[in-house]
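In: Need the 3D shape of this:
(one chain, ligands or ions: 1)
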Amino acid sequence: MTELKKLLAEKISEIAKESFGASLEISGIISSFEYPPDDSMGDLAYPCFKLSPILRKGPNVIAQTIAEKFDFPSVAKATSIGGYLNFFIADEYYSDQILKGILEKGKDYGKTNIGKGETVVLDYSSPNICKPFHVGHLGSTVIGHSIKKLHEFVGYKCVGVNHLGDWGTQFGKQILAYKMWGNKELVEKGGVDELVKLYVRFHEEAEKDPELEARARAEFHKLETGDEENIALWKWFVKLTLAECNRSYDRLGITFDSYAGESFYTDKMPEQVQVLKEKGLLKLDNGASVVDLSEYNMPPCLILKSDGSTLYPTRDIAAAVYRKRTYDFAKCIYVTSSQQCLHFQQWFKVIELMGYDFADKLVHVPYGTISINGEKLATRSGNVVLIKDLIDSAVTKVKSIMQEKSPDLENLDDIAEQIGVGAVVFYYLMNDRIKDTNFVMEEALSFDGNSGPYAQYAYARTCQLLKKAGELPVTKYVIREKTEKELAKVLSKFGETVLSAVKDYEPSDVTRYILEVCVAFNRFYHDCPILSAEDKDVIASRIALTKATNIVLGNALPLICMKTPTKI
Ligand code: ARG
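Out: Modelled structure (predicted):
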């Protein structure tokens, strides 16, 4: 629809010029088009209120004047209602332009090139080493990866970074705990679980024996200064944790281009601390070095502890400078829970105060919290649900539903995995990211509701229909029925949906759009016989619509990390 909006905008501006003698900006018109709530008001509407101050006429007069003079091939009729210009798009436009365009472009349908020549760095997932990979990280993982896919789709070069939480004084505690009470075989077998037990034990014992804290600090110091034994232990912990995360990444189809975690910046921080000192930004606060942000109504940003060790913000500052130098990004996007909003506001401000010109290219993309069946999850109280367990339970349930529904399906295990994983992801990406999510498994798995299985099922149905239909017989398509036109109309909105999802960092725009496509396709499928229609041309047109739906869903589903099974 983007192309048509542009043509209509040009026409509106042309008529406005000859009737009212004023020039209008095309891009402003394009972005103001609206979709009327019901068909009787046409397919596209343009509110003339915005033109009133420029053209010095009432919106009604403007709408009426332009409607009367509007003569354009793709527009069957233009009317004016209450200050709105309403366009009734010709059916041929949907068949000759939209439908044909989708079929011709195929895998490229919906793509644009707005990001050409620019690089975007995306920091997502970023779990903490020696900590469980729990559902709190699901948001960063799937929202982040989806935002990456969306940016690639519109032409940006993207670098996905897994900024592992692999550095900090807690590793001194972990190492000490292992040295005191650890058992190699147990840790090797139990993985993160075992490491967490050791860490918890450290805190229990340190209550009784405060000496342990000092010894843990000494272990961290040894790690920082290159002690071989400690480095080997730390590397082993990283390996064990990542092995667990990777299993979930594989199932979710999540990938990264870099695993440079916090430790990667150890030797890059002194330079930034020096800059902070030279700019006179560091202040002593109870022995710690901080940047005072009271002028900006924020608490101070902590840079160095009193013992000189660095902190989370220090590493983020060094990482941002490194990424700018390495990738020369147009944007660096950080996807984390909204609990970290203040952290990002603080150090973004520090970057600006340090005089770096890329401060305005750092973007924090926060998301709300997740609860499961109404239960809030908190790491501290031990109430954690692992991403792996959530996926496992979805897959197991899907499998038992499918064993009943389609017991003869080949690769049942494989397909149950794709649907179960997809159900979790789809459910999570359906709501505005900033809203809190309450995960209800029954809703996520509903085969006939707003769900991943529903979407994948519609996609599989298009695949099966096309398989039966064989080659597309002719190339002249005609749109006849209301549900056909409705479907074509929804399909025409894919490109602009992607653009709005990119602009707002909002994968849910695409998820909800996919549902719209599936609903329109199922209505069409219900109302219009496809292969059993009487007329050859009708069959051809309906197969073409099915193919176009297949293309749009096939392009859209991967953008929200969904697999596309062809048979369910
Ligand atoms: N490891 C952090 C956590 O689990 C998230 C890191 C986000 N990225 C960043 N550059 N700060 O909370």
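
In: mind listing what the nearest residue to residue 109 once chain neighbours are set aside touches?
Out: Distances taken as C-beta to C-beta, 6 or more residues apart in numbering place residue 102 nearest to residue 109, at 4.9 Å, with adjacent residues excluded. (Each C-beta comes from the backbone N, C-alpha and C, glycine too.) Residues in contact with residue 102, defined by C-beta atoms under 8 Å, 6 or more residues apart in numbering, are 109, 491, 548, 551, 552.

In: The fourth one: what's it in contact with?
Out: Spelled out, it's residue 551. If you count contacts by C-beta under 8 Å, 6+ apart, then residue 551 has 102, 103, 105, 106, 107, 109 around it.

In: By neighbour count, which of the residues you listed wins?
Out: residue 102 (24 neighbours; other C-beta atoms under 10 Å).

In: What part of this protein, helix or strand, is modelled with the least confidence?
Out: strand 375-376 (a mean of 71; mean pLDDT, DSSP states H and E).

In: I'd like the next helix or strand past that one.
Out: Elements were assigned by DSSP states H and E; along the chain past strand 375-376, the next helix or strand is helix 387-405.

In: So residue 111 belongs to a strand, correct?
Out: No - according to DSSP: H, G, I helix; E, B strand; the rest coil, the state of residue 111 is coil, so it is not within a strand.

In: so it makes contact with residue 155?
Out: Yes - here residue 111 reaches residue 155: they are 7.3 Å apart, a contact under C-beta atoms under 8 Å.

In: Which parts of the protein are strands?
Out: In the chain, strands defined by DSSP state E lie at 44-47, 75-81, 84-89, 119-123, 157-161, 282-285, 288-291, 301-304, 331-337, 362-367, 370-372, 375-376, 437-439, listed in chain order.

In: ok and the third one relative to strand 75-81, angle-wise?
Out: Regarding strand 84-89 and strand 75-81, their directions subtend 160 degrees when assessed with axes from the mean of the first three to the mean of the last three C-alpha atoms, to 10 degrees.

In: Quick check: neighbours of strand 84-89 in the sheet, parallel or antiparallel?
Out: strand 44-47 (antiparallel), strand 75-81 (antiparallel) (DSSP bridges).

In: Of all those, which one is nearest residue 57?
Out: Residue 57 sits nearest to strand 75-81 of all the strands paired with strand 84-89, at 12.5 Å, using C-beta to C-beta.

In: what does that closest one contact?
Out: Here strand 75-81 makes contact (C-beta under 8 Å, 6+ apart) with 8, 41-42, 48, 60, 63-64, 66-67, 70, 72, 85-91.

In: Now do stretch 107-115: distance to the chain's middle.
Out: Relative to the mean C-alpha coordinate of its chain, stretch 107-115 is positioned 17 Å out (C-alpha atoms, centre = their mean, to the nearest Å).

In: same deal with stretch 290-298?
Out: Offset of stretch 290-298 from its chain centre (C-alpha atoms, centre = their mean): 32 Å.

In: Run the angle between the top helix by length along the chain and helix 387-405 for me.
Out: Ranked by residue count, the top helix of the chain under DSSP state H comes out as helix 228-252. Regarding helix 228-252 and helix 387-405, their directions subtend 30 degrees when assessed with the same axes, to 10 degrees.

In: Go ahead and name everything in contact with helix 228-252.
Out: 125, 127, 129-131, 133, 141-142, 145, 164, 166, 171, 174-175, 178-179, 187-188, 191-192, 195, 219, 222-223, 254-256, 259, 261, 387-388, 391, 417, 421, 425, 561.
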